[in-house]
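>>> sequence? don't have it. structure:
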Ligand SMILES: CC(C)(COP(=O)(O)OP(=O)(O)OC[C@H]1O[C@@H](n2cnc3c(N)ncnc32)[C@H](O)[C@@H]1OP(=O)(O)O)[C@@H](O)C(=O)NCCC(=O)NCCS
C-alpha cells in the first residue's frame with residue numbers, strides 16, 4: 001500500500017528498512033518521550049518485522065507506513081493507523097520522524113493522509129491518539145488536524161526516573177467532514 005501527499009510518499013515497510021529506522025531511533029532527541037534509553041539493531045529489526053507481519057493480516061487492520069522523500073527515496077519516519085481489535089469503527093494513529101526533518105510540517109502532512117485514509121477507505125467513525133503531555137510537537141500535530149483533547153491521565157506512565165501525564169485526543173468523522181468538505185458515498 002502507498003499514499004502520496006504533496007511532498008511525501010508513504011509506503012509499506014520493506015525488510016531492508018531497518019538501518020534507516022535505527023539511524024533516527026538512536027537519536028537522543030527522538031528518544032526523549034519514550035521509555036527506551038537506546039535502540040539496537042535487534043530492536044529496529046523487530047520494529048520493522050512487526051509492520052511486515054501486519055501487512056499479511058487478512059483483513060488488514062493495521063497500516064504502518066514508511067515516510068519517504070520522493071526525490072531520494074530516503075526513509076525519514078513512519079506513520080500508522082490501527083483499527084482496534086474486534087472494532088471496525090475506531091482506530092488510533094501514531095507518527096514519528098527523524099529529528100533531522102522536524103519542524104517542516106512533514107508529520108502533520110503524513111498524519112493528515114492517514115486520517116483521510118481512515119475516514120475514506122476504512123470508513124471509520126472515530127480516530128483517537130494518545131501522547132505524553134509534555135510532547136508539544138506531537139500535541140500540535142493533533143491540534144492542527146482538528147483533534148480535540150478528551151482527557152488527561154495524570155502521572156500514569158513512569159520512565160526515565162519520573163512520572164508523565166498523558167493526553168487522549170479524538171476526532172469524529174463528522175468533524176473531519178465539516179473541515180474538509182468530505183462527502184461520504186451512500
Ligand atoms: C512529534 C513529531 C512527529 C512532530 O514532527 P514534525 O514533522 O516536526 O511536526 P510538524 O513539522 O508537522 O509540526 C507540528 C507542530 O509541532 C511544532 N514542533 C515541531 N518540532 C517541535 C519541537 N521540537 N518542540 C516544540 N514544537 C515543535 C511545530 O512548530 C508545529 O507547531 P505549530 O503548528 O505551532 O507551528 C516529531 O517531533 C517526532 O518524531 N518526535 C519523536 C517521536 C514522537 O514523539 N512521536 C509521537 C509519539 S505520540
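Perfect, thanks for sending it. Everything quoted here is computed from the prediction, not taken from an experiment.
>>> interface residues of this protein facing the ligand?
Proximity of the chain to the ligand is confined to 30, 33, 94-97, 102-108, 131, 135-138, 140-141, 144 under the rule CB under 6 Å from any ligand atom. For every residue, glycine as well, the C-beta is placed using N, CA and C.
>>> run the last query once more with 8 Å
When proximity is defined by CB under 8 Å from any ligand atom, the chain lies next to the ligand at 29-30, 32-34, 77, 94-99, 101-111, 129-132, 135-141, 143-144.
>>> go ahead and confirm residue 146 touches residue 175.
Yes: using CB atoms under 8 Å, residue 146 and residue 175 qualify as a contacting pair, with a distance of 6.0 Å.
>>> for stretch 104-117, buried residues please.
Applying a neighbour-count criterion of 16 or more other CB atoms under 10 Å, one finds 106, 107, 108, 109, 110, 111, 112, 113, 114, 115, 116, 117 buried in stretch 104-117.
>>> just stretch 7-15 next, same as before
With burial defined by 16+ other CB under 10 Å, the residues of stretch 7-15 counted as buried are 8, 9, 10, 11, 13.
>>> and stretch 70-77, how far from the chain's centre?
For stretch 70-77, the separation from the chain centroid amounts to 17 Å (computed by CA atoms, centre = their mean, to the nearest Å).
>>> would you mark the buried spots in that stretch?
Along stretch 70-77, these residues count as buried under the neighbour rule (16+ other CB under 10 Å): 75, 76, 77.
>>> what mean pLDDT does that stretch have?
Here stretch 70-77 scores 96 as its mean pLDDT.
>>> so what's residue 69 closest to, chain neighbours aside?
The shortest distance from residue 69 to any non-neighbouring residue, by CB to CB, 6 or more residues apart in numbering, is to residue 76 (6.2 Å).
>>> helices or strands next to the strand or helix carrying the one you found in the packing?
Under DSSP states H and E, the secondary-structure element containing residue 76 is strand 75-83. Contacting strand 75-83 under the criterion 3 or more CB pairs under 8 Å, 6 or more residues apart in numbering; DSSP states H and E are the following elements: helix 18-25, strand 62-68, strand 90-97, helix 106-120.
>>> can I take it that residue 47 is in a helix?
Yes: assessed with DSSP: H, G, I helix; E, B strand; the rest coil, residue 47 lies in a helix.
>>> local confidence estimate at the nearest residue to it once chain neighbours are set aside?
Taking CB to CB, 6+ apart, and ignoring the residues beside it in sequence, residue 47 has residue 21 as its nearest neighbour in space, at 6.0 Å. Per-residue confidence at residue 21 stands at 98 (pLDDT).
>>> ok, residue 86 next?
Confidence for residue 86, expressed as pLDDT, is 86.
>>> from residue 61, how far out is it?
Look at residue 86 and residue 61: by CB to CB, to the nearest Å, they are 10 Å apart.
>>> appreciated, that's everything.
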